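Colleague: Pasting a predicted model and its sequence here:
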Protein chains: 2
Amino acid sequence: LDQTSLNHQTEFDIIRTYFKDLTHQKGVEKGIGDDAALVKASSEHNNHLVVATDTLIEGVHFPNTAGALDIAQRAMCVNLSDLAAMGAVPRWFTLGLTLPINLAQPEWLGQFSAGLKIIADQYDCALIGGDTTRGPLSVNITMLGEVPLQEAMCRDGASIGDIVYVTGFLGDGAAALKNELEKPQPSDVFRSSERLFNRFYRPTPRIKEGLEIRSIATACIDISDGLVADLEHLCRSSNTSANVSIENLPVHPEVKKHYPEQYSDFALFGGDDYELCFTVPESKNLVMGELIESRSVNAVPIGKIIKSNGSGSRVLLNGRACNSKKTGYKHFE
Amino acid sequence: LDQTSLNHQTEFDIIRTYFKDLTHQKGVEKGIGDDAALVKASSEHNNHLVVATDTLIEGVHFPNTAGALDIAQRAMCVNLSDLAAMGAVPRWFTLGLTLPINLAQPEWLGQFSAGLKIIADQYDCALIGGDTTRGPLSVNITMLGEVPLQEAMCRDGASIGDIVYVTGFLGDGAAALKNELEKPQPSDVFRSSERLFNRFYRPTPRIKEGLEIRSIATACIDISDGLVADLEHLCRSSNTSANVSIENLPVHPEVKKHYPEQYSDFALFGGDDYELCFTVPESKNLVMGELIESRSVNAVPIGKIIKSNGSGSRVLLNGRACNSKKTGYKHFE
């Protein structure tokens, strides 16, 4: 590796050297190494292409202490989560990797590509285009998938009376962040909790759940900014409001125990959970119940879609307006 | 606009405010504003998807004096050029925009989105996903297009005896860079030459030419690193070498006049020309000649594909080995 300059030639070598194992998959006619990739969409001609893109920046979306393997896995999972929210099957992805000279080394690149590979293998998607550039560390992934059009879950399909569900646990992202960021030393809680650490760096993209619910759900969003903020996005797109029962929020016992005062706020306003929030009409609630019973989907009902009053889309908590100032996203700075 | 933090909420607003005009196009079921975009590939089921990705970093791929409109246009053109080299028709693109707080303002964003729109309209492609993040200025674009598989031009199809062609003029990129970068003050040549300035910030993606030649050419690459470097890539993929006649290189009179000593080096080793270099078999050279005669394609023959000797793929200049140390790419630092 040329340590003095990451020019086009060495970029090409980096991609070939470290990322070529990630390109061998069904439907890839030409992967890395040409001007562009050539891929074959699934032959079911009613399938549509689903495209999501997300950039992770050091110091904003992950702390500057993060390891290459963890960064790569988080970048993959966050993008896959967007596909899960559409009910899509992942197929291919491109990588835009900007890295400073001191990281353009075999160890870091090897770890980074290993991280990509673990998630790519797990979700059966192939790297088809890569671009490495010199600069401050950032990772852009564009993820491509497929979904039958009539089954794609969008944000705008919720109707009054629909039941609001969420998958998994809420508040883990905020709990992990609090530990990692707000203490001068990494706390015992965070370091000793492999679960929380993994929930931050490897939040399970709910691809399987997305496929299970896509013919039942009327709308869906993944929770990256926090339940209230994201459910509000869904409501705004659907021209509705929602009422959430705080006592129904699924919070992991570990988070309840360590943050008895804060866990509700974590679950409502914390970001980085990457669970699905979706709506199911009354008419399909029995089917939904069966999916939960049979453990095909790990989800709980947390509220209902209601009519918006004059002031637009709102998320009520136990029937009361909540302080929307709390919504938002916590950065690493 | 929130000037103190570019959090998820304001990112969403930036995309909606400045980039929503770029999403209305055929085949876009859901553009910006959901977790992912939903697009419908062309119904011709033998079409394949073509995907190219490229990141432009301030200070590396464009000078820090560059304006928002110019940066946006360059980012688009560079990515479209990759699609042109495959013989593809552009359809959709995603944008990963990282920008510092001082640029997250209406004027800069308005100019940037105007730049994207000019090129997107010209090449009939739609923005389907956007992500804005706070950080040092960089622009990642992933461009999606379509091509009938049997007509896709790759780098590995050249055969011994094929004639090597290039489109347009070579050396403009290097001449523009030299003026912009190596002088303490922007030189008269560069500033007075709108042509050179535009060739740098708006290199014409040879989409039309790609479509014209795709059933004739055996291999194709776009010239971003310099003719010799990129033709060498093509030769390596095709297991051949090439011999180029220096006197046949198409160099614009303006560049010849201002750089009488250097224009050959600019044309051979300079980057950023974004012309197509492609190979045509003898059997199709008459058809190629007719395309040139009829002005459907502006291209000239510059050499031939020859057998590699033991030392691997080489690009000879007038039959002689050239100093490959000269190949490469000039950065802004």
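Modeller: Structure's in. What do you need? Numbering: from 1, shown residues only, chains lettered A, B, ... in the order given.

Colleague: got the contact list for residue A:146?
Modeller: Neighbour list for residue A:146: A:41-42, A:47-50, A:88-89, A:91 [criterion: C-beta atoms under 8 Å, 6 or more residues apart in numbering or on different chains]. Every residue, glycine included, has its C-beta placed from N, CA and C.

Colleague: should've said residue A:219
Modeller: Contacts for residue A:219 (C-beta under 8 Å, 6+ apart) come out as A:153-158, A:162, A:234, A:237-238, A:278-279.

Colleague: can we see that at 6 Å?
Modeller: Residue A:219 makes contacts with A:155, A:157-158, A:234, A:238, A:279, as judged by C-beta atoms under 6 Å, 6 or more residues apart in numbering or on different chains.

Colleague: Among the residues you listed, which are located in strands?
Modeller: Members of the contacts of residue A:219 lying in strands (criterion: DSSP state E): residue A:279.

Colleague: mind listing which of the contacts of residue A:219 are in helices?
Modeller: Taking DSSP state H, the ones among those that sit in helices are A:234, A:238.

Colleague: check which helix or strand covers residue A:113.
Modeller: Here residue A:113 sits within helix A:106-122, counting by DSSP states H and E.

Colleague: On the C-terminal side of that helix, identify the next helix or strand.
Modeller: Where DSSP H and E defines the elements, the next helix or strand beyond helix A:106-122 is strand A:126-134.

Colleague: so what does that following strand touch, helix or strand wise?
Modeller: helix A:8-19, strand A:37-39, strand A:89-99, strand B:47-57 (3 or more C-beta pairs under 6 Å, 6 or more residues apart in numbering or on different chains; DSSP states H and E).

Colleague: Quickly, which of those bottoms out on average pLDDT?
Modeller: Ranked by mean pLDDT, the helices and strands packed on strand A:126-134 bottom out at helix A:8-19, with a mean of 65.

Colleague: buried residues in the helix or strand that comes right after that helix?
Modeller: Downstream of helix A:8-19, the first helix or strand assigned by DSSP H and E is strand A:28-30. Buried residues in strand A:28-30, counted by 16 or more other C-beta atoms under 10 Å in any protein chain shown: A:28-30.

Colleague: What count of nearby residues applies to whichever residue of the stretch 151-300 of chain A sits closest to chain B?
Modeller: At 4.5 Å from chain B, residue A:225 is the closest residue in the stretch 151-300 of chain A, using C-beta to the nearest C-beta. Residue A:225 has 26 neighbouring residues, counting by other C-beta atoms under 10 Å in any protein chain shown.

Colleague: so it touches residue A:271, yeah?
Modeller: Yes - between residue A:225 and residue A:271 a contact is recorded at 5.0 Å, counting by C-beta atoms under 6 Å.

Colleague: Tell me if the lengthiest helix in chain A is near chain B.
Modeller: Ranked by residue count under DSSP H, the longest helix found in chain A is helix A:68-86. Yes - applying C-beta under 6 Å from any C-beta of the partner chain, one finds helix A:68-86 in contact with chain B at A:82-83, A:85-86.

Colleague: Dump those into CSV; add neighbour count and pLDDT as well.
Modeller: Converted to CSV, the residues of helix A:68-86 next to chain B look like this (neighbours: other C-beta atoms under 10 Å in any protein chain shown; pLDDT from 0 to 100):
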residue, neighbour count, pLDDT
A:82, 26, 95
A:83, 30, 96
A:85, 35, 97
A:86, 29, 96
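
Colleague: Name the spans of the stretch 201-333 of chain A whose pLDDT lies under the cut-off.
Modeller: Flagging of the stretch 201-333 of chain A using pLDDT under 70 yields the residue ranges A:323-333.

Colleague: again, only this time at 90
Modeller: For the stretch 201-333 of chain A, the stretches with pLDDT under 90 are A:258, A:271, A:309-311, A:321-333.

Colleague: Helices along that one, start to end?
Modeller: Here the stretch 201-333 of chain A has its helices, by DSSP state H, counting those that start in this stretch, at A:207-213, A:227-238, A:253-258, A:263-269, A:285-293.

Colleague: who in the stretch 101-250 of chain A is up against chain B?
Modeller: Going by C-beta under 6 Å from any C-beta, the residues of the stretch 101-250 of chain A near chain B are A:128-129, A:131, A:133-136, A:140, A:142, A:152, A:154-155, A:222, A:225.

Colleague: Can you flag the buried ones in the residues you listed?
Modeller: So, by 16+ other C-beta under 10 Å, the buried ones in those are A:128-129, A:131, A:133-135, A:140, A:142, A:152, A:154-155, A:222, A:225.

Colleague: could you say what helices and strands the longest helix of chain A packs with?
Modeller: strand A:47-57, helix A:106-122, strand A:138-148, helix A:194-201, strand A:219-222.

Colleague: With residue B:300 as the reference, name the closest of these.
Modeller: The closest of those to residue B:300 is strand A:138-148. By C-beta to C-beta, the value is 36.2 Å.

Colleague: Strand partners (parallel or antiparallel) of the helix or strand following the closest one?
Modeller: As assigned by DSSP H and E, the chain's next helix or strand after strand A:138-148 is strand A:163-167. The pairing partners recorded for strand A:163-167 under DSSP bridges are strand A:276-280 (antiparallel), strand A:299-306 (antiparallel).

Colleague: any idea how far residue A:75 lies from residue A:100?
Modeller: Here the criterion is C-beta to C-beta, to the nearest Å. By it, residue A:75 lies 17 Å from residue A:100.

Colleague: gap between residue A:226 and residue A:66?
Modeller: 21 Å.

Colleague: If you count neighbours, what's buried in stretch A:75-88?
Modeller: Neighbour counts using 16+ other C-beta under 10 Å place A:75-88 of stretch A:75-88 among the buried residues.

Colleague: swap in stretch A:91-104?
Modeller: Of all the residues in stretch A:91-104, those buried under the rule 16+ other C-beta under 10 Å are A:91-99, A:103-104.

Colleague: burial of residue A:274, as a residue count?
Modeller: The number of residues packed near residue A:274 is 27, by other C-beta under 10 Å.

Colleague: who's in contact with it?
Modeller: Per C-beta under 6 Å, 6+ apart, neighbours of residue A:274: A:81, A:203, A:222.

Colleague: The second one and residue A:77 touch, don't they?
Modeller: Yes - taking contact to mean C-beta under 6 Å, the distance of 5.1 Å between residue A:203 and residue A:77 places them in contact.

Colleague: which neighbours do those two share?
Modeller: By C-beta under 6 Å, 6+ apart, no residue touches both residue A:203 and residue A:77.

Colleague: export the helices and strands packed on helix A:68-86 to JSON lines and tack on distance to residue B:267?
Modeller: Formatted as JSON lines, the helices and strands packed on helix A:68-86 follow (distance: least, C-beta to C-beta, whole Å):
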{"stretch": "strand A:47-57", "distance to residue B:267": "36"}
{"stretch": "helix A:106-122", "distance to residue B:267": "34"}
{"stretch": "strand A:138-148", "distance to residue B:267": "33"}
{"stretch": "helix A:194-201", "distance to residue B:267": "48"}
{"stretch": "strand A:219-222", "distance to residue B:267": "50"}
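
Colleague: distance between the ends of stretch A:93-105?
Modeller: Terminal residues of stretch A:93-105 are spaced 23 Å apart (C-alpha to C-alpha, to the nearest Å).

Colleague: Quick one: residues in contact with it.
Modeller: A:6, A:125, A:127, A:129-133, A:135, A:137-143, B:53, B:55, B:140, B:142.

Colleague: And residue A:228, how far from residue A:249?
Modeller: Distance from residue A:228 to residue A:249, counting by C-beta to C-beta: 11 Å.

Colleague: More neighbours: the two, which one.
Modeller: residue A:228 (26 against 21).

Colleague: from what I can see the more buried one touches residue A:268, true?
Modeller: Yes - using C-beta under 6 Å, residue A:228 is in contact with residue A:268, at 5.1 Å.
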